[in-house]
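S.K.: 3D model of this:
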Amino acid sequence: MEESKELVIQTVQLSTMSDVFSIILSVVALIVTIIGFFASLKFYRDGVQLQNSANDALSKLEEKTKNIQDQIVGMFDKTLDAAISKGAEVDSSFDDLDKRLVSVKESLTAEAIKELGAAGDMQINKIRDIVNEQLSRIEEGIDLTRVRTENALNKSNNVYTINPNIYEAVLCAFKRLGDRPVSQAELKSIMKIPASILSSTIKKMVEVGQLRVVSDDNGFKSYVVDWDSMPPWLDYNSISKNSYG
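M.R.: Sure, this is the predicted structure:
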C-alpha cells in the first residue's frame, strides 16, 4: 500500500505547492488592483450619487475580473506537468490549497468592503457574489486535480473499504447540515478528514445506494442520505459527532 501510494505521489505529484500558491497569490494581486475602483466612491457620499457610483464600481469590477477565469484554467495542468520531482503528502497539500483559497476570498471581500465604507448590504453581497463567481474556476481546477489524484490512488489500491468511524462521521455531518441536499464541499468544510478519503467514502456510499446524487440546473452535484439503505450494524440514534467531524 505504501509503495503504491509513493509511486502515485511521484507520478501524479502536485509538486512544489509554492508554485500553486504563487498562482493564487498572483490572482490576489490582479484582483486587488481592481479594488481601486472603489476609491471613487469616497467622493460620492451624498444622495443618489452614492448608489449610482456603487453600481458603476461593481460593474467595473465584474468586467475587469471576468477574464481571470480563462487566465487561470490552464495553469493547473502546467503545474502538474512540472510536478514530477519531489514527494509530498497529497491530501495535506490539497487541504492547504483549499485553506489558502478561502483566505484569498475573505481578504478580497474585506478589502472591497473597506474601500466602499458606507455601502449598503446590497453592494456588500454583490461584492461577495463577484469574488465567489470569479474564483469558482480556480476551485474547479483544484477539485479536478484532486479527482485525478484520487483516481490514480484508487487504481493502485484496487479496492476502497469504508472505515466505519469515517462512515458514521459522514452521516453525522449530514445530520448536522439538515435534511437537504449537501455538496461535498459543504461536508469537507465541517469534517477533519483528508479530502481524498471523504471523496472515496462518498463514492462508495453512492455505489451501494446509501447516498443519492442530486444535480441542479448548472450540473453541480449534491448528495442526499437514503436512511432506509443503512447497514444493519448501524444504529441511527447512536450517530454523534466524533474525532473525524
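S.K.: So, low pLDDT: which residues of this protein?
M.R.: Within the chain, the segments meeting pLDDT under 70 span 1-98, 112-113, 115-121, 134, 137, 141-162, 230-245.
S.K.: how is it carved up into domains?
M.R.: 2-157, 164-238 (automatic domain parsing).
S.K.: Contacts only, for the nearest residue to Gly209 once chain neighbours are set aside.
M.R.: Leaving out its chain neighbours, the residue that sits closest to Gly209 by Cβ to Cβ, 6 or more residues apart in numbering is Ser229, at 4.9 Å. All C-beta atoms are positioned from the backbone trio N, CA, C, and that covers glycine. Ser229 is in contact with Val208, Gly209, Gln210, counting by Cβ atoms under 8 Å, 6 or more residues apart in numbering.
S.K.: Check Gln184 too.
M.R.: Leu198, Ser199, Ile202, Lys221, Tyr223.
S.K.: and Val213, helix, strand or coil?
M.R.: Following DSSP: H, G, I helix; E, B strand; the rest coil, we place Val213 in the strand state.
S.K.: same thing with Arg180?
M.R.: coil.
S.K.: for the nearest residue to it once chain neighbours are set aside, what are its contacts?
M.R.: Excluding the flanking residues, the one nearest Arg180 by Cβ to Cβ, 6+ apart is Val224, at 7.7 Å. Listed by Cβ under 8 Å, 6+ apart, the contact partners of Val224 are Arg180, Pro181, Val182, Leu211, Arg212, Val214.
S.K.: repeat that for 7 Å
M.R.: Going by Cβ atoms under 7 Å, 6 or more residues apart in numbering, Val224 touches Pro181, Leu211, Arg212, Val214.
S.K.: what's the distance between the residue nearest to Gly209 and Arg212?
M.R.: 9 Å (Cβ to Cβ, to the nearest Å).
S.K.: Could you do Arg100 as well?
M.R.: 32 Å.
S.K.: Name the residue in the two with the higher neighbour count.
M.R.: Arg100 (17 against 14; other Cβ atoms under 10 Å).
S.K.: In three-state terms, label the more buried one for me.
M.R.: Here Arg100 is recorded as helix under three-state DSSP.
S.K.: From Ser107, how far out is it?
M.R.: Distance from Arg100 to Ser107, by Cβ to Cβ: 10 Å.
S.K.: Same check on Ser200?
M.R.: 32 Å.
S.K.: neighbour count winner among these two?
M.R.: Shown here are Ser200 and Ser107; by other Cβ under 10 Å, Ser200 has more neighbours (20 against 14).
S.K.: Looks to me like the more buried one is in a helix.
M.R.: Yes: counting by three-state DSSP, Ser200 falls inside a helix.
S.K.: So what pairs up with the residue nearest to Arg180 in the strands?
M.R.: Arg212 (DSSP bridges).
S.K.: which helices and strands sit right next to the helix or strand encompassing Glu168?
M.R.: Assigned by DSSP states H and E, Glu168 belongs to helix 164-177. Counting contacts by 3 or more Cβ pairs under 7 Å, 6 or more residues apart in numbering; DSSP states H and E, helix 164-177 packs against helix 184-190, helix 195-207.
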